[in-house]
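Asks: missing the sequence, but the structure's below:
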């Protein structure tokens, strides 16, 4: 109902939808595709994704009939991240140049940004409202109060496919350097205090 209303209150071509095509992204994308099939979905291609993530992106795009637009970092910034192994020395800067900055350039073309965050995923996300102002754009978190059980029931009802790495023990899937097996977000940035890439801070 919230997403239906979104397209009534905002010009559809000014709605930015992003997806990481991670563990259970099919849940959010299935709902979006049924409400607005022509919605372009932006995917931040950091250059560090698992091959399985890229394959899952392509599979869901075909399955749901979606148009996916890749968002890539500045080549020089990305090469600096590679040469300096920023994911080890400064993971916040690595995320900034490969994820946050590229998306900031895209956001300038839109009025509202839709994400699929759910409150139970992290302590930070548990305190987020449905609407917020975030880095110069209205951010819409329509799934923020969806429970894990509600999400899983929808996935089961519609027989939606999980990311292929879920079967191998990955619950939260990001870049290869900063993702390990583990429950929920426990497999992200292990050994570091970091819990968010910076897009949602």
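Replies: Structure's in. What do you need? Being a predicted model, the structure only gives us computed values, none of them experimental.

Asks: which residues sit against the lengthiest helix in the chain?
Replies: Secondary structure assigned by DSSP state H gives helix 51-64 as the longest helix of the chain. Residues outside helix 51-64 that contact it (CB atoms under 8 Å, 6 or more residues apart in numbering) are 20-22, 25-26, 29-30, 33, 37, 41, 43, 45, 66-68, 161, 163-165, 173. Where C-beta positions appear, they are placed from N, C-alpha and C, glycine not excepted.

Asks: what's the end-to-end length of stretch 80-100?
Replies: 16 Å (CA to CA, to the nearest Å).

Asks: just the buried positions in it, please.
Replies: Of the residues in stretch 80-100, 81, 86, 87, 91, 93, 94, 95, 96, 97, 98, 99, 100 count as buried by neighbour count, 16 or more other CB atoms under 10 Å.

Asks: buried subset of the contacts of helix 51-64?
Replies: Buried among these by 16+ other CB under 10 Å: 20-22, 25-26, 29-30, 33, 41, 43, 45, 66, 68, 163-165, 173.

Asks: just to revisit the earlier point, inside strands: which ones of the contacts of helix 51-64?
Replies: Mapping the contacts of helix 51-64 onto strands (DSSP state E) picks out 41, 43, 67, 68.

Asks: tell me which of the residues you listed is nearest to residue 14?
Replies: Among the ones in strands among the contacts of helix 51-64, residue 41 lies closest to residue 14 (CB to CB), at 15.2 Å.

Asks: am I right that that closest one is in contact with residue 17?
Replies: Yes. Applying CB atoms under 8 Å, one finds residue 41 in contact with residue 17, separated by 5.2 Å.

Asks: overlap of the contact sets of these two?
Replies: The contact lists of residue 41 and residue 17 share residue 32, where a contact means CB under 8 Å, 6+ apart.

Asks: now stretch 168-178: how far from the chain's centre is it?
Replies: 13 Å (CA atoms, centre = their mean, to the nearest Å).

Asks: again with stretch 120-129
Replies: 15 Å.

Asks: and that stretch, what's buried?
Replies: Per 16+ other CB under 10 Å, stretch 120-129 contains these buried residues: 121, 122, 125, 128.

Asks: now stretch 8-28
Replies: Quick answer for stretch 8-28 (16+ other CB under 10 Å): 10, 15-28.

Asks: which pair of those spans the longest distance?
Replies: Most distant of the buried residues of stretch 8-28, by CB to CB, are 10 and 23, 28.1 Å apart.

Asks: how about residue 70: what's its closest non-neighbour residue?
Replies: The shortest distance from residue 70 to any residue other than its chain neighbours is 4.4 Å, reached at residue 45 (CB to CB, 6 or more residues apart in numbering).

Asks: distance check, the one you found against residue 176.
Replies: Using CB to CB, to the nearest Å, residue 45 is found at 13 Å from residue 176.

Asks: how about residue 96?
Replies: Counting by CB to CB, the gap from residue 96 to residue 176 is 18 Å.

Asks: again, but for residue 10
Replies: On the measure of CB to CB, residue 10 and residue 176 end up 35 Å apart.

Asks: likewise for residue 153?
Replies: For residue 153, the distance to residue 176 - CB to CB - is 31 Å.

Asks: no more questions from me, cheers.
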